[in-house]
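Enquirer: got a sequence here, can you model it:
(one chain, ligands or ions: 1)
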Amino acid sequence: MDTEKVNSMDFGEFVDVFGNVTERCPLIAAAVWSQRPFSDLEDLEKHFFAFIDALPQSGQEGILRCHPDLAGSELQRGTLTAESQREQSGAGLRSLGADGRLRLAELNAQYRARFGFPFVLAARFSDRTAVPRELARLLLCPSAQELRTALGEVKKIGSLRLADLLRADPAKL
Ligand SMILES: NC(=O)N[C@H]1NC(=O)NC1=O
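Expert: So this is what the prediction gives:
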């Protein structure tokens, strides 16, 4: 899909296509549509990220809370969004054994209790061994930077999703 195609999309089509660039936050795509025309992928991405950066802390935490747990029950049930299901499955989280799932559930719960939002990590840059290791590491870090770190992961996920969409044939979306 080229930039011209993106710029020609009406509001409904744009939100249908880009609504899950940020997991379960179609409002961001709805706002970004008003910023067209976009010069290229980088420009489009810049608008998504600028929207996130401009939110108050409560909005940024809201974005994090829209993310499903890594290796949570939705992954096992297959009820995640298509993107999330692919990312988590690709990282091998679906094939974790019962012990691995339990350990991650415990770490996810500790993280949520400590920071007040769920642990978010770009699964496509990770795997089932690295996810619990990273979670355990962050639990020992000072909390001041954690919101910024987590939003960095949201942006990595968004970048990869945007790149996939722009590579895709619009007829197959
Ligand atoms: N919690 C969390 O990080 N969820 C996600 N990460 C990712 O790459 N896909 C997700 O659903």
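Enquirer: secondary structure element for the nearest residue to residue 75 once chain neighbours are set aside?
Expert: The shortest distance from residue 75 to any non-neighbouring residue, by Cβ to Cβ, 6 or more residues apart in numbering, is to residue 88 (5.1 Å). Quick note: C-beta positions are derived from backbone N, CA and C, even for glycine. Element membership for residue 88, per DSSP states H and E: helix 82-90.
Enquirer: quick one: is that helix near the ligand?
Expert: Yes: Helix 82-90 is in contact with the ligand by Cβ under 6 Å from any ligand atom, via 84, 87-88.
Enquirer: which parts of that helix are buried?
Expert: 83-85, 87-88 (16 or more other Cβ atoms under 10 Å).
Enquirer: where along this structure do the helices fall?
Expert: Counting by DSSP state H, the chain has helices at residues 3-8, 11-18, 26-33, 41-54, 57-65, 73-77, 82-90, 98-115, 130-139, 146-167.
Enquirer: neighbouring contacts of the second one?
Expert: By Cβ atoms under 8 Å, 6 or more residues apart in numbering, the list of residues contacting helix 11-18 from outside reads 6, 9, 26, 29-30, 32-33, 36, 162, 165, 170, 173.
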